[in-house]
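Asker: the sequence and its predicted three-dimensional model are supplied below.
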Amino acid sequence: MTTLDPHCRTEIRDHMRITWHQPITMDNGITLRADVFQPIDATAKCPVILNYGIYGKGVAYQEGYPLQWEKMVADHPEILKMSSNKYQNWETTDPECWVPHGYAIVRIDSRGAGWSPGFMDPASPREINDLYQCIEWAGTQSWSNGRVGMLGISYYASNQWRVAGLDKPPPHLAAILPWEGQNDRYRDSGYHGGILCEFQKRWAKHQVVHVQYGRGAHAAKNPNTVESIAGPVTLSEEELVRNRVDAFEELKKHPFFDDWHQSRTADLSKVRTPLLTCANWGGQGIHPRGNFNGFTETPADTPKWLEVHGDSHWSVFSNAYGLDLQKRFFDCYLKGDKTGWEKQPRVQLNVRHPGEKFVLRQENEWPLARTQWTKFYLDAAKQTLNTKPGAHETHVTYDAMGKGVTFTTPPMDKDTEITGPMMAKLFLSSSTRDADLFVIVRVFDPQGKELTFMGSTDPNTPIANGWLRASHRALDPAKSKPYRPYHPHDKAEPLTPGEVYECQIEIVTSCIVVPKGWRVALTVKGCDYEYEGELAEFAKKFHYGTRGTGGMTHNDADSRPADVFGGSVTLHAGGGREAYLLLPIIPAKGAV
């Protein structure tokens, strides 16, 4: 390629035509940069798989995310044989697995990140505007067949929902595959049940600031180009700070679901692009709510499929199972080859069993039509869960910042599958004007040992979590469902100390087959869950390993002042106050 651009260049290597730092100019004059991987034959018309995001297109997976890489290839060694892995990049797909299959891969650094200059404002409306233009650029290149698909994890997934949900989505966007990607910035990750989550503070420190455009000579190098991963210029620390928003401090300015949050949230009712949404049972505090809602809240006539898996946030995306699923979907919608997808059931579940065992099962709908919605009523005096409500009122008081109280079922009389959305209805009184409710669904073996799993970002993730700030207890009746209360989070209604209030808490969708003789438990407390068992080495080293919450902690002193959230809480049950945990019990197919 002949070009006057001092940075853009094309070379043939590893059986691909690679263009580094391809310029894509936006409507306001800023030039974003992309790496483009395509077949050597430049005349070939290729379907395009595109991602746009903040983590740096030049960051080598193995160097930028060594703990995650090492765990992934240890758990899924086939990945080492699927390509040379020289072009692996965090949360994006491996071009060596797609270019030989006739695809072009386009990786774009978002505004202010990597090699793209500009002001860094993560998940802002400006980014979606940029993304729209990038999709249209990719769909109109001489080497493009005009069909663009989006594929990626997390950041590279959540923006798919938003661009597809625009009033006028990009004409060349033909399919999306959001793998573990939220779409409601307030409820999914920013404010769990109205409680500020600290994830973005950790996230910016570990994943964002070191790849900001202008780090230049101070940044790591791309091993394939031996260039800085963060642009050709080196700015001062003061200049860098001026060129980015403090994502966590900005989040703190918006404690209610306002226009700022709305502008960062997808309108799922407008998503008509064919989609495959892939969720993780263990993603509790960040993405699965979005993936499931992306399936249920998009229009009924949108071509859509749901897949659910376990394991870490990154591994299944890159292993043989994940790649096969992705290729069959995109072959259908980007190439027009339906042979691998036309018989794909609408729902594909990896049903979770103890011991990190998963059993593949196909279904036709979500939630499952045969679900037996079962209420387990709280007995506050005995701290048990029962299938019938108590005739007499009981109550139990706990220290809001302590271990809370745990309610337990009798041992299961048979293997029992729990798969789907959950919720809890509680009646509480507080010694202060507010209370934060953290509810955790747990499972214990006959010896009393808790069952946890490798979740998306924590190796000791419990079965399911739910949260609610009691002053945000108001419901939106139009959007609430019997198994999923929906809170508008548009105002605070303080509590009168000592008065009893009803609170309905959404619990993030999950799945577990509970063996006969094991127990299900519900813990209610006023602070984060903490796994009390021994930690493996990965859990000790991983920066998001926070004893079961995966970095999704809620300890910000400004948001949770001790004089308001450090009091005592009393739970009331029975005698007409039917406090319960609603679980989706799944009978075997064909069972009566």
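Answerer: Received, thanks.
Asker: could you use CA atoms for every contact and neighbour count after this?
Answerer: OK.
Asker: ranges for the helices of the stretch 401-550 of the chain?
Answerer: With DSSP state H, counting those that start in this stretch as the criterion, the stretch 401-550 of the chain has helices at 537-541.
Asker: likewise the stretch 151-300 of the chain?
Answerer: 155-164, 199-203, 237-242, 247-252, 259-262, 288-296.
Asker: got CSV for those helices, with mean pLDDT and distance to residue 100 too?
Answerer: Below are the helices of the stretch 151-300 of the chain laid out as CSV (pLDDT from 0 to 100; distance: least, Cα to Cα, whole Å):
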stretch, mean pLDDT, distance to residue 100
helix 155-164, 98, 23
helix 199-203, 94, 34
helix 237-242, 98, 39
helix 247-252, 97, 39
helix 259-262, 98, 41
helix 288-296, 98, 30
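Asker: mean neighbour count and distance to residue 448 added to the ones you listed, as a markdown table?
Answerer: What follows is these, written out as a markdown table (neighbours: other Cα atoms under 10 Å; distance: least, Cα to Cα, whole Å):
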| stretch | mean neighbour count | distance to residue 448 |
| --- | --- | --- |
| helix 155-164 | 27 | 38 |
| helix 199-203 | 18 | 31 |
| helix 237-242 | 13 | 50 |
| helix 247-252 | 16 | 39 |
| helix 259-262 | 15 | 42 |
| helix 288-296 | 25 | 28 |
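Asker: pretty sure residue 137 is in a helix, no?
Answerer: Yes. Checked against DSSP: H, G, I helix; E, B strand; the rest coil, residue 137 lies within a helix.
Asker: helix or strand right after the helix or strand bottoming out on mean pLDDT in the chain?
Answerer: Here the helix or strand of the chain ranked lowest by mean pLDDT, DSSP states H and E is helix 537-541, holding a mean of 90. Where DSSP states H and E defines the elements, the next helix or strand beyond helix 537-541 is helix 562-565.
Asker: show the average pLDDT along that following helix.
Answerer: Average pLDDT, helix 562-565: 97.
Asker: give me the domain ranges for the chain.
Answerer: With automatic domain parsing as the criterion, the domains of the chain are listed as 9-344, 372-586.
Asker: out of those domains, flag the one nearest residue 355.
Answerer: For the domains of the chain, proximity to residue 355 was assessed by Cα to Cα; domain 372-586 is nearest, at 8.2 Å.
Asker: so what touches the helix or strand containing residue 133?
Answerer: Residue 133 is part of helix 125-139, with elements assigned from DSSP H and E. Identification of contacts with helix 125-139 by Cα atoms under 8 Å, 6 or more residues apart in numbering yields 24, 26, 48, 50, 52, 106, 110-111, 121, 144-148, 159, 162-163, 169-173, 263-264.
Asker: how about a cut-off of 7 Å?
Answerer: 26, 52, 110, 144, 146-148, 159, 163, 170, 172-173, 263-264 (Cα atoms under 7 Å, 6 or more residues apart in numbering).
Asker: go on, stretch 421-433?
Answerer: Under Cα under 7 Å, 6+ apart, the answer for stretch 421-433 is 483-484, 494-510, 564, 567-573, 579-584.
Asker: between the helices of the stretch 151-300 of the chain, which one is closest to residue 35.
Answerer: Per Cα to Cα, nearest to residue 35 of the helices of the stretch 151-300 of the chain: helix 155-164, 15.3 Å.
Asker: show me what that closest one is packed against.
Answerer: Packing partners of helix 155-164 (3 or more Cα pairs under 7 Å, 6 or more residues apart in numbering; DSSP states H and E): strand 46-53, helix 125-139, strand 173-179.
Asker: how far does it sit from the chain's center?
Answerer: Remark: helix 155-164 is offset 11 Å from the chain centroid, using Cα atoms, centre = their mean, to the nearest Å.
Asker: that one to helix 125-139, inter-axis angle?
Answerer: On the basis of axes from the mean of the first three to the mean of the last three Cα atoms, to 10 degrees, helix 155-164 is oriented at 90 degrees to helix 125-139.
Asker: surely residue 302 touches residue 272?
Answerer: Yes. Counting by Cα atoms under 7 Å, residue 302 does reach residue 272; the two are 4.9 Å apart.
Asker: and those two? Which one has more around it.
Answerer: residue 272 (19 against 15; other Cα atoms under 10 Å).
Asker: my guess is that one contacts residue 297. True?
Answerer: No. The pair residue 272 / residue 297 is not scored as a contact, 11.2 Å apart, by Cα under 7 Å.
Asker: list the contacts of stretch 370-386.
Answerer: 387-390, 394-396, 406-409, 572-574, 578-586.
Asker: wait, I meant stretch 100-107
Answerer: 34-39, 46-52, 57, 95.
Asker: sorry, back to before: out of the contacts of helix 125-139, which are buried?
Answerer: Burial by neighbour count, judged by 16 or more other Cα atoms under 10 Å, picks out 26, 52, 110, 144, 146-148, 159, 163, 170, 172-173, 264 from these.
Asker: and the gap between residue 119 and residue 167?
Answerer: From residue 119 over to residue 167 the distance is 25 Å, taken as Cα to Cα, to the nearest Å.
Asker: all strands for the stretch 351-500 of the chain, in order.
Answerer: For the stretch 351-500 of the chain, applying DSSP state E, counting those that start in this stretch gives strands covering 357-363, 372-379, 384-386, 394-399, 405-408, 416-430, 436-444, 464-469.
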